[in-house]
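Undergrad: What follows is a predicted structure for the sequence shown.
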There are 2 protein chains.
Amino acid sequence: MVDHEREANNGVEWRVKVLQDGSSVKLEPAETGIIQKAWLGLAGLLLAMKMKVAGFLNKVWNIGADDPRKVIHGLKVGLALSLVSVFYYTRPLYDGVGGTAIWAVMTVVVIFEFSVGACLCKGFNRATATLTGGALALGFHYLAEKSGKTFEPVILSISVFLLASAATFSRFIPVIKDRFDYGITIFILTFSFVSVSGYRVENLITMAQQRLSTIAIGVSICFCVCIFICPVWAGGDLHFLIVRNMEKLACSLEGLVTEYFNDKNSSEDDKSRSKKWQEYKCILNSKGSEDSLSKLAIWEPAHGNFGFKHPWKQYLKIGAAIRRCAYCVEALNGCINSDVQAPEYIKTHLNEVCIRLSSEASKVLKEAASSMKTTMKSPYIDSFVGEMNIAVEELHTALRTLPNKKLITPSQGTETMSLIEALPMIPVSSLLIEISARIEGVVDAVEELAELAGFKPADDDEKNEESIEAQGKVVTVEIQQV
Amino acid sequence: MVDHEREANNGVEWRVKVLQDGSSVKLEPAETGIIQKAWLGLAGLLLAMKMKVAGFLNKVWNIGADDPRKVIHGLKVGLALSLVSVFYYTRPLYDGVGGTAIWAVMTVVVIFEFSVGACLCKGFNRATATLTGGALALGFHYLAEKSGKTFEPVILSISVFLLASAATFSRFIPVIKDRFDYGITIFILTFSFVSVSGYRVENLITMAQQRLSTIAIGVSICFCVCIFICPVWAGGDLHFLIVRNMEKLACSLEGLVTEYFNDKNSSEDDKSRSKKWQEYKCILNSKGSEDSLSKLAIWEPAHGNFGFKHPWKQYLKIGAAIRRCAYCVEALNGCINSDVQAPEYIKTHLNEVCIRLSSEASKVLKEAASSMKTTMKSPYIDSFVGEMNIAVEELHTALRTLPNKKLITPSQGTETMSLIEALPMIPVSSLLIEISARIEGVVDAVEELAELAGFKPADDDEKNEESIEAQGKVVTVEIQQV
């Protein structure tokens, strides 16, 4: 867009050129002098800044609008901090914990996390690590005190050195890293804190006791605010992330294949097509999110459809199975967009069966997704898989009979199909067959989940439909890539 | 293994069965009584525990042996903590910072990270956030004090609520999350800390000053230990991760294709084959590591071959290009291990040209990797790409002439090759062609890096070879999946 403006009092006419993305501004003054130049430069700078700030604010607004839970999370942190500061402002409460109320503030700030799982994990880690680290440090302190003033700092230093080294190294052990990473930090912190300051502070036990009680206050405030005000469940996020990935895969697969076969003037809108069905690409990199969500989910109590020992590990298997399909869809996308293409009249011969296979495969995926969404066993899934396998057989047959096909070309009348021209079609078909095989892997993983989590069988059709409808209203969950 | 033992003084004979994985033990006593049963149970339990502990210790030992830098990191943390505790034990130093030396200990524990980049990032974040948070809190404190005793806690609470909410929400903005995530925590912490405790503490400015100086002491000790004692550079790790990924891809590609064509009794050792060339699979999920390493690398000063403004972002592009190849190799692996296979005599006809293509492609990848390793422009890469493209053309030709090929089968003499039987070969070939195209993308990305980072041209062949040899000794870097 080009913007014409006339600044009357300066007698200068200039054109402000705002670039398409709204991030950069170019000034093209019609007349120039030194002061005018400076003025123009300043005005341009200000305008550019304004545009940048507006663009940034717009982005920030969108982050909040896309997922209001993020805004709510901010407010929850503010609320928890305000609640905890009440301890500081109220004289009787303040005296009760002997002036160490500030530790409660600290606990709230470092523990409060977006999801309930992360919050519980950190709270549990902090409490346990403070306890064990403090107890161990008191033990060493007692030993050091017994051995006289000269040796005391030596023993304390050596114990800090050894324990900190060992604890730091232990963070590289996967089991510990996954569950107690934060705990180790707090363990080292508390241990060095108590054992080092124990050298100068007299009533160490009272200090430890007060510290523990303030941490307990901070942790309980965190837990209450996190769980009872608009809770965000890592487990629910993981569940819907997997469901959404399945749906995305289904849409991309069907869309890519259908457009490839139906597209008459493929060279023109290659670009727009390749943009439209690329949703599957975010599946390729969602392993990180899935892993971290499943680690957090195991800390969460039973909620909604998810029981106490919900098999969160199984979700990782489903995720991996989905990703295996996505890798093949990525290769399929490569074949579809490659330079060498089969002529239109050859495409037509595999058209029907390929589209049918892709739509059957996508139906299977969608059914598996909806079975997960409703946490009910699907009564149709087996027959859908059967249909898909019939379509696979049909494609096999179509490929096998390809060279014998007679076809009518406008110019030469009836002739045998040239197999060489059909060559580019064969990888597409064979990838479709491979994808169907991998989709069966997804279905198996989902059925295993249904067993482990005890999904109800959906024998009552009407009930099932109602439930699907009800669940369809669940707000779709967007997970940030970790 | 079955272990026979005779316990003479108990007169009991039993067999201890240790399962293959060394994790579980089964006791099968020959004669039983109640005491003997209990005794056996206890012995079995102790043995099982011993095996478990031994297995765990073995794993821990391997973690250290595989990457000694992890052990060194533990020792470095211990050293930094011991150094900082000297401040506490030495009377003059302790008096100098007015008893707040404990903050230095805390700083060391939370800032010290594995790589230099992470340590600098956290240190910078902590220092900046403490400064700004503290200054802002002092300002609000001044305002609140002016407005009288009644309003003071109200104003303080509201300011804490608003700033904490806004700061927490700002963590969801990608730019801020990538660089200042830790800083935001510390900002909220310091702000609430100072503004809440300011309500009760009189000499607030002195406290803030002392806190800053102890944090400065902690941060400088961290930086010195982290940078000057066996530093671990995130940038170097990223560099070698990419190089290793390229080499893994090259090996897997060549290995898979060569074994597929040379394997005469493929049905038997399918399992062993599929295990041997699966190294490429770790490329599929390495995006997380690459992203986090590149975020840390930008904090690092110039070191070794990496200058001040080394283009770390470009490594992500190379990584993505490598992953695009790996997706196709994954699909290729699926085709190679699929149930429907072409008969041996058809494989033979594409044997030579496919193996040649895969070896040329792998040569290109290895050359690109070695060019990165030595940070020198490769003089051969273009000719290698040329060779690869010639091999692609040959494969195209071989596919095109396939139906006309006469072949001699032992039973029926000369006949035209059956194209139907060749069908399973076509996807393999076409994926190989697609992989070659994607490898050119990798080469382009590496060449762009060479331009951006100013790789020296390797005009002197001898020098180049020396350099390659020298760099070959660099310890291979294993990155933990983040």
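TA: That came through, no problem. Residues are numbered from 1 along each chain as shown, chains lettered A, B, ... in the order given.
Undergrad: residue ranges of the strands in chain A, please?
TA: Here chain A has its strands, by DSSP state E, at A:2-7, A:12-18, A:25-29, A:376-377, A:406-409, A:413-416, A:456-457.
Undergrad: pLDDT on the second one, on average?
TA: In other words, strand A:12-18. The predicted model assigns strand A:12-18 a mean pLDDT of 44.
Undergrad: Which positions in stretch A:80-88 come out as buried?
TA: A:80-85, A:87-88 (16 or more other Cβ atoms under 10 Å in any protein chain shown). The way it works is simple: take the backbone N, C-alpha and C, and place the C-beta from them, glycine included.
Undergrad: want to throw those residues into TSV with distance to residue A:377 and pLDDT?
TA: As requested, these are exported to TSV (distance: Cβ to Cβ, whole Å; pLDDT from 0 to 100):
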residue	distance to residue A:377	pLDDT
A:80	41	91
A:81	46	89
A:82	47	87
A:83	44	86
A:84	46	84
A:85	51	80
A:87	51	73
A:88	54	72
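Undergrad: Intersect the residues you listed with the contacts of chain B.
TA: Cross-checking those against chain B (Cβ under 8 Å from any Cβ of the partner chain) gives A:81-82, A:85, A:88 as the overlapping residues.
Undergrad: ok so, going back, what about the buried residues of stretch A:80-88, which are in helices?
TA: When the buried residues of stretch A:80-88 are checked against helices (DSSP state H), the matches are A:80-85, A:87-88.
Undergrad: Give me the below-cutoff pLDDT ranges for chain A.
TA: Regions of chain A meeting the criterion pLDDT under 70 cover residues A:1-32, A:91-100, A:198-202, A:263-275, A:402-420, A:459-482.
Undergrad: Name the residues of the stretch 1-150 of chain A found near chain B, please.
TA: Proximity of the stretch 1-150 of chain A to chain B is assessed by Cβ under 8 Å from any Cβ, with A:59-60, A:63-64, A:70-71, A:73-75, A:77-79, A:81-82, A:85-86, A:88-89, A:94, A:99, A:102, A:105-106, A:109-110, A:112 identified as the residues in range.
Undergrad: From those residues, keep the buried residues only.
TA: The neighbour-count test (16+ other Cβ under 10 Å) applied to the residues of the stretch 1-150 of chain A next to chain B identifies A:63-64, A:70-71, A:73-75, A:77-79, A:81-82, A:85, A:88-89, A:94, A:102, A:105-106, A:109-110, A:112 as buried.
Undergrad: For the residue of the stretch 201-350 of chain A at minimum distance from chain B, which non-adjacent residue is closest in space?
TA: When scored by Cβ to the nearest Cβ, the stretch 201-350 of chain A has residue A:331 as its residue closest to chain B, at 3.7 Å. What sits nearest to residue A:331 in space, not counting adjacent residues and going by Cβ to Cβ, 6 or more residues apart in numbering or on different chains, is residue B:331, at 3.7 Å.
Undergrad: thinking again about what came up before, for the residue of the stretch 201-350 of chain A closest to chain B, which residues are in contact?
TA: A:431, B:327-328, B:330-331, B:431, B:434 (Cβ atoms under 8 Å, 6 or more residues apart in numbering or on different chains).
Undergrad: Same question for residue A:323.
TA: A:283-284, A:286-287, B:284.
Undergrad: among the residues you listed, who's most crowded?
TA: When the contacts of residue A:323 are compared by neighbour count (other Cβ atoms under 10 Å in any protein chain shown), residue A:283 ends up highest, at 24 neighbours.
Undergrad: is it true that it touches residue A:249?
TA: Yes - here residue A:283 lies in contact with residue A:249, judged by Cβ atoms under 8 Å, at a distance of 6.1 Å.
Undergrad: Help me confirm that residue A:399 comes into contact with residue A:428.
TA: No - the criterion here is Cβ under 8 Å, and residue A:399 misses it with residue A:428 at 10.8 Å.
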